[in-house]
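A.B. asks: Sequence plus predicted model, see below.
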Amino acid sequence: MQRLLYGVAYYDEYMPYDRLAQDIRMMNEAGINVVRIAESTWSTHEPQSGIFDFTSVGRVLDAMHEAGIGVIVGTPTYAIPTWMAREHPDILAITPQGPGRYGARQIMDITHPAYLFYAERIIRALIGQVQDHPAVIGYQTDNETKHYRTSGPNVQLSFVKYMRATFGSLDTINALFGLDYWSNRINSWEDFPSMLGTINGSLGAEFAKFQRKLVTDFLAWQVAIVNEYKRPDQFVTQNFDLEWRGYSYAVQPDVDHFAAARPFDVAGIDIYHPSQDQLTGIEISLGGDIARSLKRANYLVIETQAQAFPNWLPYPGQLRLQAFSHLASGANMVAYWPWHSIHNSFETYWKGLLSHDFEPNPVYEEAKTIGADFARLAPQLANLKKTNKTAMLVSNEALTAIEWFRLPGFKKSYNDVVRLMYDQLYNMNIGCDIVHPASEYLEEYALLIVPALYAAPDSLLQRLNDYANNGGHIVYTFKSGFADQHVKVRTVRQPGIISEACGISYSMFVEPKEVGLKGDPFQVGREHNRIDTWMELITATTAEVLAQYDHPHWGSYAAITRNRFGKGMVTYIGCMTSAAIMGKVLEQAVKQAGLWGLDQELWFPLITKSGINSDGKAMHYYFNYADDPGSIAYRYPPGRALLTGAEVDQNQLLPIDRWGVIIIEER
Amino acid sequence: MQRLLYGVAYYDEYMPYDRLAQDIRMMNEAGINVVRIAESTWSTHEPQSGIFDFTSVGRVLDAMHEAGIGVIVGTPTYAIPTWMAREHPDILAITPQGPGRYGARQIMDITHPAYLFYAERIIRALIGQVQDHPAVIGYQTDNETKHYRTSGPNVQLSFVKYMRATFGSLDTINALFGLDYWSNRINSWEDFPSMLGTINGSLGAEFAKFQRKLVTDFLAWQVAIVNEYKRPDQFVTQNFDLEWRGYSYAVQPDVDHFAAARPFDVAGIDIYHPSQDQLTGIEISLGGDIARSLKRANYLVIETQAQAFPNWLPYPGQLRLQAFSHLASGANMVAYWPWHSIHNSFETYWKGLLSHDFEPNPVYEEAKTIGADFARLAPQLANLKKTNKTAMLVSNEALTAIEWFRLPGFKKSYNDVVRLMYDQLYNMNIGCDIVHPASEYLEEYALLIVPALYAAPDSLLQRLNDYANNGGHIVYTFKSGFADQHVKVRTVRQPGIISEACGISYSMFVEPKEVGLKGDPFQVGREHNRIDTWMELITATTAEVLAQYDHPHWGSYAAITRNRFGKGMVTYIGCMTSAAIMGKVLEQAVKQAGLWGLDQELWFPLITKSGINSDGKAMHYYFNYADDPGSIAYRYPPGRALLTGAEVDQNQLLPIDRWGVIIIEER
Amino acid sequence: MQRLLYGVAYYDEYMPYDRLAQDIRMMNEAGINVVRIAESTWSTHEPQSGIFDFTSVGRVLDAMHEAGIGVIVGTPTYAIPTWMAREHPDILAITPQGPGRYGARQIMDITHPAYLFYAERIIRALIGQVQDHPAVIGYQTDNETKHYRTSGPNVQLSFVKYMRATFGSLDTINALFGLDYWSNRINSWEDFPSMLGTINGSLGAEFAKFQRKLVTDFLAWQVAIVNEYKRPDQFVTQNFDLEWRGYSYAVQPDVDHFAAARPFDVAGIDIYHPSQDQLTGIEISLGGDIARSLKRANYLVIETQAQAFPNWLPYPGQLRLQAFSHLASGANMVAYWPWHSIHNSFETYWKGLLSHDFEPNPVYEEAKTIGADFARLAPQLANLKKTNKTAMLVSNEALTAIEWFRLPGFKKSYNDVVRLMYDQLYNMNIGCDIVHPASEYLEEYALLIVPALYAAPDSLLQRLNDYANNGGHIVYTFKSGFADQHVKVRTVRQPGIISEACGISYSMFVEPKEVGLKGDPFQVGREHNRIDTWMELITATTAEVLAQYDHPHWGSYAAITRNRFGKGMVTYIGCMTSAAIMGKVLEQAVKQAGLWGLDQELWFPLITKSGINSDGKAMHYYFNYADDPGSIAYRYPPGRALLTGAEVDQNQLLPIDRWGVIIIEER
């Protein structure tokens, strides 16, 4: 890709009056050079079964092409038409809440043959129609695809067959999943009960894994169809999204992103995040690190916010800060959802770049400056290559297992541990990749951050032991290694297979109430010297004890340990710490791993990201995520500040605006 | 009506033993001169289908007549008998929660022909039986009628026909309601999806409007039947009720009161309200203003509380205060629900005038004084005529639209804005009528208060512009004018059609966090200088800026403005203000409208209401809604204090008891 | 029973590998002498319909016998196999939430003939197989049996027949249950509506009573079957459980424990309770008092916690404290659930005596000391006989009625009143039995504590009057006597039948907000001089007023009264008091009843319990429920401290460890 894509989602179908020419003029003025269309409007493109109307697609493609704007065409399969629900009500997914009701998007059973029949037909009709249009630069399959908790009788039947294919016999299943418990034992395949009512966490987690596989299979099936049509210069992408907590939070529970991403040419992602005083850049960084790691390549931010919600309307400067932050993580595209605020229905208050009045507004005006900078600086900014020595190992299986066996208090879950660790790395400007249990690349990293790896096969844990033995550094949190891949708790002293590498053991754990670490070993101060939610009563065997609990009865147990193992080093954090403690523990681990460098002079809200651009030059981004101006000392070889054009010397002190951005290309 | 009605709901059917003679004796002692009967006891009056037993009705009528007590007979249709639910289970309304279960009242589909058949039969049987009885002074149709969210297949079918009749074509519907969004487009009438699952706010709001029409039609149908029987000296009324938030809060979402009230001879209303230290009189005033405005005439308080709940048992004096407060708003009847506390079932702790022991108690003793005063002073107190120059414009459509598009935080809704404004008018003793979008009378008022008129047709907004242009004063809040009657957001700069009259425009809005008004322009003090929930970033075009936001980024935008428009004046409040700020803004508006008068010397908890009585004399009520005694300076021409008989001079200082009442008739 | 039973629940079926020999060795080391088996594993014992496999039962029996460990065999009927749910889906109970889903235990309709057929078959097969095995010391029927809210059409039909059999005619039912209200009247048996939707509290409470009877009948049916097989030296017990609020809280709403316990040889109970800093011993004491009272005999603690949850892992010493506390209340068995922590499914974090690693751990080590002491001291400790002069009268009917008519605020219910009173008795070391409305033994007690006896027949209240008249002391709380057994509120001045004995009357009640007692009559200090939730406005007729409300309007009413009635004394508490006030009121009542003794020198956290052992010697237990050491003055005749063997003189001051235990047998 030779240029940076600056885009919007565009819905000609939603327009209250014909706006196309005006919109395109305003897009051109803002430097918008790509639009995504068609992914939400099946009912418009196929008003009745088998009757197609791609009028709006055609006219948009023609007009965009004329204006020099590329188009990503989405397959419109994530929101089904009214006629389909009426003709085949059983297409609606049956979920634990019961049969579905027509109305929202993402309500169908993605395994239903009638749905698949219709989906294939519209995909072939649409893509067949547009494949040769010069405006089309790529395709998106479906949108934010998940399994929508589909679990009706047909899905259940597939699951039983999957179980037989995977495990062979019921005896094996009964043993691995502990089905004797509460008389859940299955002694004949016909007796296999619906997963809708199961209370068996092992079986429930396997069903969740099976449901994630449905997503992987569905997307691969779509890609294969689209691939029959696409030109060599076109790409196929998917708009992945993260766990949604009112914004993009962390690991998506319902999709195995790494497996699902495989058939795509390029990874795409949704990133929505708090704004105004809550803007930190963390979600941009984490979402970017995930997306970049999916294919170990640059990625597309297919949706992010322009104005969005009342509490997200960006302060002046924030839209620019966000855009360049995406690039600094390796994005080659930043696209807003949507172009214009929508006048009816459901997402009326999820505002686009334009308000409902379609007129220029302060956010649009700021976008114009971004579009201009993107166009001017694309040769330097596009295709940033990043090489990190730190990676975080995340696991859908661990996440699901902790959903089944929730942490005391029911307030925190797997992704809270992910964020507790990730946020501290971000704060100290440690660049980080994201890896998964089946990654081929674990061994490339000097430091692995492993949050709550609760469910994992022996092979993965053994591999982590080997990694450490061979010189790798690991930071584990509590609950790592506790259960196998079937969420069967290990029958040996915990943390099981990794015990030796960690140099510890434990068999008891409690919920801390008003507990700190004895003597404030990390000097975080009384307010921050706090743990919550979970504490393991650890005995160090060979490990160095970094912290003990400040507790009248459990004070002799270790809370945090570090163990030299072979040529490597393993830190184990046996409790949910405060952010401050986690920061200190990770700082020590980073230093031990020899990764503490110049960038660590800066600290949030001063954020820096770097990489190598297409010209092979080192790039340094600096961001000020604060409402006050600041300054940074530039420590690298002399370069040029791309936004201003100013030359920058090594060790020069650079002022940075509130919500400001500086981009320096080394000479 | 020559007398004041002082009444109770009476259930001979619920009595644990024969109490009729004793009860009537106690009623006579308390001055009770009217009872309402029969509206809840269909299963007693028709024990099996078509077999009628009006024994209890007959004996009560006879006994009441003998005692000189009038009777309002209710049609017993809001609670269906067991046999009907058993014979026709499909009479139970299907709602978003699924099929209904027998047990509670108000669970049937009010459009179901079987229900309508049975309802008509019992109405004709009952009213035919009692029409000539001398005790019967009037009828109540059904009770607290609403649509009970009925939305089963038959209702859906009617809705589709209504949509076709209203809009003609699906193309029109798709366009007006924005159905292309999320593939909701309907391309064939057969495909019209059930409203149970819709996520389209425009369609959902139209369905709510259709459901309100079901109520209007149902009540008109009942009135027409009763009218066939009623004598010229009898009336037909309905017991309307307000939005229920544990008490009567504000506008009823599920009924268009103005449309539904049309066929009735006189409006009736339920008014329940907090008591003890929470007694303010606001609900009595607001409920009264609504009821009086429905037919621009005196009204009946068909139900209000005697003892009711443990937290509502009135302090000594409060029952009197309440009773006279109803009269001061124009009520001609005050009736308690129920006469005696009920010994079984569901509302056992919603106590009546008598406790479960049927013995005199302090509340009953206080009622006796009210009954005596009502009887003695009826010639002066009945038929109070009120003429207000201020009106509040309320809208079911705006309420529903804001339910679909909720304010940030999900804590406040349309009626909170209504109350924010109404309460301040009440506090400053501004008499107020209630008007609706289709009212013929808007132009009669000097000042219109318009809370959050979010959904409104062009014609209404244009009419409001004309009103102001011709000299009217308007106070709008935020969100007014934003969307049309189909909840389609306007495609022009906000606030759309009223922009010129307001002299402002905006295209952005945010959720305030810890935001006040710059410089405390209304001098309400730090604690009260607060806004929450919503703030529009307003630019004044021709308006005077009354307040700006105290915010580092949005500080240059206007928060509250005032614009001279033609001969009138339009105030626009762009944010949810504190009560104190709202009070000050309304005070300014009232003064600008030339409505600030003698009554505004008093302030809550000292409340005054006035009007003209049947003799054409000016009446002044004074209430002390406080637990401490106070005093008021009487500013009007000399008169007589009716409760004490004392003469009162102009400017005389009158002490008033805690929870006290003074009523002065000018000479 | 000649020995103390120290046991665990043992699940050979759940074992991840063959552990039997190792487990038994560890049990022997810990002094475990009884295990309970088989109650949860129907699907293992009957893998397909009619095909039985008792392999695990047989091998466990043989091995246990060899090791000298007794076995309680449970009938495995509370968790149904997959095949049964698949073959007969209608076995799953229909509840107010709808049809059941397979997965959890306790989901079947315990009245369903197919279920009963299968249950009988497995019971006969299992018990027939094991009856002669020398290891088997007894049987448990089912487990924690309740009615699981079963209320499908067949249950409804039975209920209608029950109603006809009980009340004879619909006229009676309509009158007693107040069905005219809201048109609920039933005029033909065919019309009887399903209880799933009823809003009639009287009818709802009767249905709850009927459902409790289903449990009584079901258990009696099981016992009768097991009795056909059991040897004279074997017993049949049931594992009753209490209301669950995250732990065993108080009276079980869904079972009439006294009726259900009748057919059993010995009562058994589950007792789970907060631990660590929240350990008070109250639940051990209350659960023990209930279990002991069921058959007025020693009882079995069939399940209690070892490690259990993260927040329950006992501090060092607490497991011992708990074990001896059970004995002090009359338990002859203390058994942990389960032996080993379970590796899969649902209760993985409800840890057993062993962690998942099966290795010795601190809790297991502490258990070893308990086992040794149990074995050594069984002759002195077993079969403790207790004779209390105080009893608390609890009522399922009152509990259910208060569920239907909840206290204001919806935070507190019947069992909160039970605990408010019980906890204070416990704190002041007053030994207490539990009695029920049909008890033959009320008159044996000097003092009856009667929490919120809201629903009660005339006969019971008259009996309580007689009891007082004959010299008994009673402490009633608010709401006692208010309604009859059909939850019909009494039609006389409250508290109805007990008014004369109490010397009071009232007809009004309110919800207190910030209310205390005037002048702090119990000298509990400002912070504790508080009432909440409920206050009755009481007028004393003959009673002495102990406290009035500190309230500007209700200050003249009595809050707490005491009345000499005949030879007895009746205290009436008209409000929900603070714990401190309740403690003082009960202290006065205890003193009035002449029950204040030496044990009342001690106060929580120093707890004492006493009784007479098999040798006829007086036993005195002392417990320190605190994290700090303390001391107690021993006031009884000289004896021997059994745990240490030390001789103890009268009035000797004895130090007691934190969480410590002292057991003294008088010489």
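C.D. replies: Cool, got the structure.

A.B. asks: A helix includes A:Pro655, no?
C.D. replies: No. Read with DSSP: H, G, I helix; E, B strand; the rest coil, A:Pro655 is strand and lies in no helix.

A.B. asks: What distance do you get for it to A:Pro193?
C.D. replies: A:Pro655 sits 66 Å away from A:Pro193, going by Cβ to Cβ, to the nearest Å. (Each C-beta comes from the backbone N, C-alpha and C, glycine too.)

A.B. asks: out of the two, which sits in the more crowded spot?
C.D. replies: Neighbours were counted for A:Pro655 and for A:Pro193 using other Cβ atoms under 10 Å in any protein chain shown; A:Pro193 has more, 22 against 11.

A.B. asks: And the residue of the stretch 551-667 of chain A that's closest to chain C?
C.D. replies: A:His553 (4.7 Å; Cβ to the nearest Cβ).

A.B. asks: Check chain A too.
C.D. replies: For chain A, Cβ to the nearest Cβ, closest residue to chain C: A:Gly178, 2.5 Å.

A.B. asks: you'd agree that residue is up against C:Glu13?
C.D. replies: No. Here A:Gly178 lies out of contact with C:Glu13, judged by Cβ atoms under 8 Å, at a distance of 9.7 Å.

A.B. asks: my guess is A:Ile430 contacts A:Val590, does it?
C.D. replies: Yes. The pair A:Ile430 / A:Val590 is scored as a contact, 5.9 Å apart, by Cβ under 8 Å.

A.B. asks: which one is the residue of chain A found nearest chain B nearest to, not counting chain neighbours?
C.D. replies: Nearest residue of chain A to chain B: A:Asn344, at 2.5 Å (Cβ to the nearest Cβ). Nearest-residue entry for A:Asn344: B:Gly178, 2.5 Å, with adjacent residues in sequence omitted and distances by Cβ to Cβ, 6 or more residues apart in numbering or on different chains.

A.B. asks: The one you found and C:Lys591, how far apart?
C.D. replies: Relative to C:Lys591, B:Gly178 is positioned 77 Å away (Cβ to Cβ).

A.B. asks: about what we covered before: which residues are in contact with the residue nearest to A:Asn344?
C.D. replies: Contact partners of B:Gly178, counting by Cβ atoms under 8 Å, 6 or more residues apart in numbering or on different chains, are A:Tyr14, A:Ile342, A:His343, A:Asn344, A:Ser345, B:Asn200, B:Ser202, B:Lys488.

A.B. asks: And the helices in the stretch 401-550 of chain A, which stretches?
C.D. replies: Ranges of helices in the stretch 401-550 of chain A, per DSSP state H, counting those that start in this stretch, are A:414-427, A:458-469, A:499-502.

A.B. asks: To clarify, my last question referred to the stretch 101-250 of chain A.
C.D. replies: Under DSSP H, counting those that start in this stretch, the stretch 101-250 of chain A gives helices at A:113-130, A:153-167, A:170-177, A:201-227.

A.B. asks: Sheet partners, orientation included, of the one helix or strand A:Tyr621 maps to?
C.D. replies: Secondary structure assigned from DSSP states H and E places A:Tyr621 in strand A:618-624. Sheet pairing for strand A:618-624, assigned by DSSP bridges, gives strand A:606-612 (antiparallel), strand A:661-666 (antiparallel).

A.B. asks: now those as TSV including mean neighbour count?
C.D. replies: Shown next, in TSV, are the strands paired with strand A:618-624 (neighbours: other Cβ atoms under 10 Å in any protein chain shown):
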stretch	mean neighbour count
strand A:606-612	21
strand A:661-666	22
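
A.B. asks: Mean pLDDT added to the ones you listed, as CSV?
C.D. replies: CSV is the format used below for the strands paired with strand A:618-624 (pLDDT from 0 to 100):
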stretch, mean pLDDT
strand A:606-612, 98
strand A:661-666, 98
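
A.B. asks: Figure out which of those strands is closest to B:Ala85.
C.D. replies: strand A:606-612 (65.5 Å; Cβ to Cβ).

A.B. asks: Mind listing residues that contact the closest one?
C.D. replies: Under the contact criterion Cβ under 8 Å, 6+ apart, strand A:606-612 has outside partners A:281, A:285, A:325, A:328-330, A:384-387, A:426, A:429, A:431, A:599, A:602, A:618-626, A:630, A:632, A:656.

A.B. asks: Give me the buried entries from those residues.
C.D. replies: Taking 16 or more other Cβ atoms under 10 Å in any protein chain shown as the criterion, what is buried in those is A:281, A:285, A:325, A:328-330, A:384, A:386, A:426, A:429, A:431, A:599, A:602, A:619-626, A:630, A:632, A:656.
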